[in-house]
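Provided below are the primary sequence and the corresponding predicted coordinates.
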Amino acid sequence: MPITNYPDYMQPAGKAGQLSSYQDYTADTYAVEAKVPFGAPVQLNTTGTAIKPITTGGTVIGIALAQNIHDYVEKKDDQNYPVGEPAAIVKRGRIFVVAGGDVINGQAVKVDPTTQKFVASGASAIDVSNAVFKSNATADQLVEIEINLP
């Protein structure tokens, strides 16, 4: 039976790191070496035992999956994985991220290591292998990407 009312099954885009589709996604778990915001691109540390936000010259191994609902009452800093905690990192599937500039559906995905945002081009931008934008967006808007990393 087809899904005829999308919001009955999936919440609308609300924050970076939120899945945009429950269809076939894969996430691996890693220890956190440096605080990782939800929706951030991550790389392995030098020993391959933990993850940290992407830096210049790094290789994107996935995107941090959003886990917690924000505590608006106490305004906690709770939209990230703290150091030493396990983190779910999406390697395959569709996920919302923050655009760092104008992007168009179908463009290859890159990451600006300075801003930690996803872009279509840039001098210091790092390629995200096997990832494409699945919607249009402008700077600082949520945009859907599809990623397929090994």
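Right, received. Where do you want to start?

From here on, just use CA atoms for contacts and neighbour counts.
Fine.

What is the burial count for residue 128?
Residues within reach of residue 128, counting by other Cα atoms under 10 Å, total 20.

pLDDT-wise, which helix or strand of this protein ranks last?
Ranking every helix and strand in the chain by mean pLDDT, DSSP states H and E puts strand 80-81 at the bottom, with a mean of 90.

quick check, distance from the helix or strand just after that strand to the centre of its chain.
Once the chain leaves strand 80-81, the next helix or strand it forms, by DSSP states H and E, is strand 86-98. Its chain's average C-alpha position is 5 Å from that of strand 86-98, according to Cα atoms, centre = their mean, to the nearest Å.

In terms of secondary structure, what does strand 86-98 contact?
The contact analysis (3 or more Cα pairs under 8 Å, 6 or more residues apart in numbering; DSSP states H and E) places strand 86-98 against strand 26-32, strand 62-64, strand 117-119, strand 142-148.

The last one pairs with which strands, and in what direction?
So the one you mean is strand 142-148. Sheet pairing here is set by DSSP bridges, and for strand 142-148 it gives strand 86-98 (antiparallel), strand 126-133 (antiparallel).

Point out where the chain drops to low pLDDT.
Residue ranges of the chain with pLDDT under 70: 1-14, 22, 68-78.

And residue 100, its phi and psi?
The phi/psi pair for residue 100 (degrees, to the nearest 10) reads phi -100, psi 10.

residues near residue 27, how many?
16.

Spit out the contact partners of it.
Shown in contact with residue 27 (Cα atoms under 8 Å, 6 or more residues apart in numbering): 88-92.

Most neighbours among these, please name it.
Using other Cα under 10 Å as the neighbour criterion, residue 90 leads the contacts of residue 27 with 27 neighbours.

That residue touches residue 30, doesn't it?
No. If you go by Cα atoms under 8 Å, residue 90 and residue 30 don't touch, sitting 10.9 Å apart.
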